[in-house]
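1. Please work out how this folds:
(2 chains)
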Amino acid sequence: DGGITQSPKYLFRKEGQNVTLSCEQNLNHDAMYWYRQDPGQGLRLIYYSQIVNDFQKGDIAEGYSVSREKKESFPLTVTSAQKNPTAFYLCASRRDSAYEQYFGPGTRLTVT
Amino acid sequence: GIQVEQSPPDLILQEGANSTLRCNFSDSVNNLQWFHQNPWGQLINLFYIPSGTKQNGRLSATTVATERYSLLYISSSQTTDSGVYFCAVGAYGGSQGNLIFGKGTKLSVKP
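-> Numbers count the residues shown, from 1 in each chain, chains lettered A, B, ... in the order given. From the prediction side, this is the model:
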């Protein structure tokens, strides 16, 4: 099946630890995105990548890092510098020739 | 940057009722999408509709780009329609494809 997968669904970490969230797509999409959602809020853009080996900061990039070594994969690292990391994280992708974005199922991160 | 406002923030309906959700945006857009977020958090694409009207079963959407608003119509609502509906836009001049989300309309359909 074609789609976007994110793993794990739930992640628990202690404060001060870095954690990496996985996002993989087999849709042959060019662009990939990471969003963060807090309770009762809309999504906010963390990072995006329109091509392999290139990525740009979104609106709330501080405390996060990404890599794009393969077209299919766009992992997000939540570093210990992120002050409020507990949130729901969603990955999305898009064909280069279209605007419509499609989302993965998300990862709920809890940091205590 | 572009602002996106959705109304109402909350909506409670009896099964079978119709509803209209509204999305206002503050600038010209090259992308407008409606999503349904189910109770498990999955965002489901409903419509890609930067202008015009589309219909898909009991759902339809209209975007009037010149007046900077979009409407999502749900007819004969069912309990499975419950969840949060998001409008998201991409602004002209913004980085291609980036979406700005509204805060959503939380819909509860009672049996």
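2. The helix or strand hosting A:L21 packs against which elements?
-> A:L21 is located in strand A:19-25, with elements delineated by DSSP states H and E. Helices and strands touching strand A:19-25, by 3 or more C-beta pairs under 8 Å, 6 or more residues apart in numbering or on different chains; DSSP states H and E, are strand A:4-7, strand A:10-13, strand A:31-37, strand A:76-78, strand A:87-94, strand A:107-111. C-beta coordinates here come from the backbone N, C-alpha and C atoms, glycine included.
3. looking at this, B:T80 is in a strand?
-> No - membership of B:T80 in a strand is not supported by DSSP: H, G, I helix; E, B strand; the rest coil, which gives helix.
4. tell me the contacts of the closest residue to it other than its chain neighbours?
-> Excluding its sequence neighbours, the residue lying closest to B:T80 (C-beta to C-beta, 6 or more residues apart in numbering or on different chains) is B:V109, at 7.9 Å. Residues counted as contacts of B:V109 (C-beta atoms under 8 Å, 6 or more residues apart in numbering or on different chains) are B:L13, B:Q14, B:E15, B:A17, B:S77, B:Q78, B:T79, B:T80, B:D81, B:S82.
5. Can you tell me the closest non-neighbouring residue to the residue of chain B found nearest chain A?
-> For chain B and chain A, the shortest gap (C-beta to the nearest C-beta) falls at B:F101, measuring 3.3 Å. Closest residue to B:F101 apart from its sequence neighbours, by C-beta to C-beta, 6+ apart: A:G42 at 3.3 Å.
6. For the one you found, the count of nearby residues, please.
-> 20 (other C-beta atoms under 10 Å in any protein chain shown).
7. and if you look at A:D30?
-> So A:D30, with other C-beta under 10 Å, has 17 neighbours.
8. Need the helices and strands packed on strand A:19-25 in JSON lines (columns: mean pLDDT, mean neighbour count and distance to B:F25).
-> Below are the helices and strands packed on strand A:19-25 laid out as JSON lines (pLDDT from 0 to 100; neighbours: other C-beta atoms under 10 Å in any protein chain shown; distance: least, C-beta to C-beta, whole Å):
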{"stretch": "strand A:4-7", "mean pLDDT": "95", "mean neighbour count": "16", "distance to B:F25": "26"}
{"stretch": "strand A:10-13", "mean pLDDT": "94", "mean neighbour count": "13", "distance to B:F25": "34"}
{"stretch": "strand A:31-37", "mean pLDDT": "96", "mean neighbour count": "25", "distance to B:F25": "18"}
{"stretch": "strand A:76-78", "mean pLDDT": "97", "mean neighbour count": "20", "distance to B:F25": "27"}
{"stretch": "strand A:87-94", "mean pLDDT": "96", "mean neighbour count": "24", "distance to B:F25": "19"}
{"stretch": "strand A:107-111", "mean pLDDT": "96", "mean neighbour count": "18", "distance to B:F25": "29"}
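9. okay, these in CSV with distance to B:S26 next?
-> Putting the helices and strands packed on strand A:19-25 into CSV (distance: least, C-beta to C-beta, whole Å) gives the following:
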stretch, distance to B:S26
strand A:4-7, 30
strand A:10-13, 36
strand A:31-37, 20
strand A:76-78, 29
strand A:87-94, 23
strand A:107-111, 31
